[in-house]
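# Structure of the sequence below:
(chains A and B)
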Amino acid sequence: MNNTEKLHQAFAQGLSIPANAIHSDLAYQGITAWDSMSHLFLIAALEETFQIQIETEDILEMSSYQRITSVLKKYDVSI
Amino acid sequence: MISTSPSNLYQLLSDNKSLRYLDTHGDRYSLSDLATSLALPCSRGLAFLYLDNSIESVSLLLHFFRENWAIALLPPNMAVPFKERLELRYQPNLIYDPQRGSLKGYTKALWRHKAGLFYADRQLEQQLHPDLKLLLSTSGTTGSPKFVKLSEQNMIANALSILDYLPIRPTDVTPLNLPLYYSYGLSVFTSNSIGGGKLVCTNSEVMQKEFWREMERFGYTSLAGVPYVYELLARLGFLKKEHPHLRYLTQAGGKLNKDLLAQFAQYAQEKQLDFFVMYGQTEATARMSFLPPGQLLDKLGAIGKPIKNGQFTIDPESSELHYTGPNVFGGYAEGLADLQHFDPPKSLATGDLARQDQDGYYYITGRLKRIVKLFGIRINLDEVEQLLAAQFPGKELVCVGSSDKYISICYVDPNIQQETIKELLFKRVHILPQVIRFQQLTSILRTSNGKIDYHAMTTLLSDSNALVH
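Residues are numbered from 1 along each chain as shown, chains lettered A, B, ... in the order given. The predicted model follows:
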């Protein structure tokens, strides 16, 4: 599985949405499934999928698909 | 000090000369700036207000505090079919909902130069009990037609009891970080409008950078949160930082887990913050008891003692906690006809089981009804089970709550569609798929008279969870 596939898997798992609902325009509060409650599930799914520890300030930064991909670069994960 | 038994909420707010409402730009408004005149079709009617925490919403709410109308406060993000079903049932004379462009049977109007107001074309002469002021739901966005009926006297009494113990001051800067349609959020609004200083009207929440920017910019002096908010705060490193303007924190809306409670209690002691653990229900307008911050570490996990003018009793047979006080509601409404009546019960049966220690502090020990509280929203497990039984006839699906964190769905027949069940529960009762666990059992445990033994099932599941982790 490449990193994009892994990222999509983390999205599907964290937000409990089907794979075909995942696209690069997704944003926090842009869909009902991505709210403050599910955000922590998404963070946990990303940590588990990429085996990383996400820093506090990055949790607030990761408010869209695009921002998540750029923050993941800090953790040596390129999408 | 506040004068004795005031009868008018709006008057209490007018008496607070320090009161200012701020929008997120920092613009300040006095009460008279915001409660501007709005042409109403009759002297007393019913309004449905789908409110967020923006200055426009606050301004409309303040306006209705002044009018002799009854108002239902509702979440703006409720699904449109749910909104329509509620409106059909209650026939409101006026609706405020900026999220919908048009409404059948209603004519559009502007509020503060923006769309969102709707007047009913046919103005029904509503039969509303003179005491009825406020309708609140206890079930979040699920669209349940069941409302809690509250009076203006309920709201005043509860706000004044809260002002009696919270250190609310005219120099305070308080964010509206909980929804106004939620009883706890509304109580922050009313008590601070009566005795506080600046209230910041914002829709940002702790999970957004804007919230922390606003906290720094405005210098918030207090924060309010349900257990989930405290979990977020801990994960966001709140306990590792200094918050120089913060004087006190309040927590209500369910039991905070003991580890987290201890961490916050420790933090509060080190930083000389007051941390108030509180207990309440919408049926009591909001608040019933609080634990004085000085007792927090000694009485960890307690809900404290009743607020001023409130009393607790524990039923000697069932151990159910009962409350009496001037903030107890006037009954439930399921439809328009119920709005003619307002009948406060002798005492409010909380549905919680409690004990009292030798020093007079109360502790919640369990629940009488099968209700779990997930993210501050009550979910009745019997209702979920009935929904599943209707959708999947012949499959025995038993719901058990696990420490207010998960709902476990137990089954024997492996031939069930877990994804379909999750989807149904999300769509119909807004239970997040992430909090649903499935557990296959060799048999459903029953009592000697054949009823499902939920107590034994809960114990079985907590034991099996203990094995897994």
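
# Close to chain B: what parts of chain A are there?
A:14, A:16, A:28, A:32, A:36-41, A:56-57, A:59-61, A:63 (C-beta under 8 Å from any C-beta of the partner chain). Glycine gets a C-beta too; all of them are placed from N, C-alpha and C.

# Would you mind giving me the ChimeraX syntax to select the buried ones in those?
Restricted to buried positions by 16 or more other C-beta atoms under 10 Å in any protein chain shown, the ChimeraX selection for those reads:
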select /A:14,16,28,36,37,38,39,40,41,59,60,61,63
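
# between the residues of chain A next to chain B, which is nearest B:Asn77?
A:Thr32 (7.5 Å; C-beta to C-beta).

# What confidence value was assigned to that closest one?
Per-residue pLDDT puts A:Thr32 at 79.

# ok, now the one 10 residues further on?
We note a pLDDT of 93 for A:Leu42 in this prediction.

# and the next element down the chain from whichever strand or helix holds it?
In this assignment (DSSP states H and E), A:Leu42 forms part of helix A:36-50. Scanning forward in sequence from helix A:36-50 by DSSP H and E, the next helix or strand is helix A:56-61.

# buried set for stretch B:128-141?
In stretch B:128-141, counting by 16+ other C-beta under 10 Å, buried: B:128-129, B:131-141.

# Just give me how far stretch B:16-27 sits from the chain centre.
Its chain's C-alpha centre and that of stretch B:16-27 lie 24 Å apart, by C-alpha atoms, centre = their mean, to the nearest Å.

# Other residues contacting that stretch?
With C-beta atoms under 8 Å, 6 or more residues apart in numbering or on different chains as the test, stretch B:16-27 has contacts from B:13, B:28-31, B:34, B:54-55, B:58-59, B:170-171, B:193-202, B:204, B:210, B:214, B:217-218.

# can you give me the end-to-end distance of it?
Taking C-alpha to C-alpha, to the nearest Å, stretch B:16-27 runs 19 Å from one end to the other.

# list the helices and strands the one helix or strand A:Glu5 maps to packs on?
Applying DSSP H and E as the criterion places A:Glu5 in helix A:3-15. The contact analysis (3 or more C-beta pairs under 8 Å, 6 or more residues apart in numbering or on different chains; DSSP states H and E) places helix A:3-15 against helix A:36-50, helix A:65-74.

# Point out the most buried one among those helices.
Mean neighbour counts were taken over the helices and strands packed on helix A:3-15 using mean count of other C-beta atoms under 10 Å in any protein chain shown, and the top value, a mean of 18, falls to helix A:36-50.

# For that one, name the packing helices and strands.
Helix A:36-50 packs on helix A:3-15, helix A:65-74, helix B:227-235, going by 3+ C-beta pairs under 8 Å, 6+ apart.

# switch to 7 Å and redo it
With contacts taken as 3 or more C-beta pairs under 7 Å, 6 or more residues apart in numbering or on different chains; DSSP states H and E, helix A:36-50 sits against helix A:3-15, helix B:227-235.

# between it and helix A:3-15, how many degrees?
140 degrees (axes from the mean of the first three to the mean of the last three C-alpha atoms, to 10 degrees).

# how far is helix A:36-50 from where the chain is centred?
7 Å.

# Could you tell me the angle between it and helix A:65-74?
40 degrees.

# neighbouring contacts of helix A:36-50?
A:6, A:9-11, A:13-15, A:28, A:53-54, A:59, A:72, A:75, A:77, B:205, B:207, B:228, B:232, B:235, B:375, B:432, B:434 (C-beta atoms under 7 Å, 6 or more residues apart in numbering or on different chains).

# Is it possible to mark the buried ones in those residues?
A:10-11, A:13-15, A:28, A:54, A:59, A:72, A:75, A:77, B:205, B:207, B:228, B:232, B:235, B:375, B:432, B:434.

# TSV for the helices and strands packed on helix A:36-50, including mean pLDDT and distance to B:Tyr454?
Shown next, in TSV, are the helices and strands packed on helix A:36-50 (pLDDT from 0 to 100; distance: least, C-beta to C-beta, whole Å):
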stretch	mean pLDDT	distance to B:Tyr454
helix A:3-15	93	30
helix B:227-235	90	23
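
# and B:Ala70, which of the ones you listed is closest to it?
helix B:227-235 (30.2 Å).

# Could you give the separation of the closest one from the chain centroid?
Using C-alpha atoms, centre = their mean, the offset of helix B:227-235 from its chain centre is 17 Å.

# Tell me what angle it forms with helix A:36-50.
Using the same axes, to 10 degrees: helix B:227-235 against helix A:36-50 is 40 degrees.

# ok, helix B:227-235 near chain A or not?
Yes: Helix B:227-235 is in contact with chain A by C-beta under 7 Å from any C-beta of the partner chain, via B:Tyr228, B:Leu232, B:Arg235.

# okay, that helix in CSV with CA atoms only?
The C-alpha coordinates for helix B:227-235 follow below in CSV (Å, rounded to 0.1, in the frame of the first residue of the first chain):
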residue,chain,number,x,y,z
PRO,B,227,-16.3,15.7,29.9
TYR,B,228,-15.4,15.5,26.2
VAL,B,229,-14.1,19.0,26.1
TYR,B,230,-11.8,18.2,29.0
GLU,B,231,-10.5,15.2,27.2
LEU,B,232,-9.8,17.4,24.2
LEU,B,233,-8.1,20.0,26.4
ALA,B,234,-5.9,17.3,27.9
ARG,B,235,-4.9,16.0,24.5
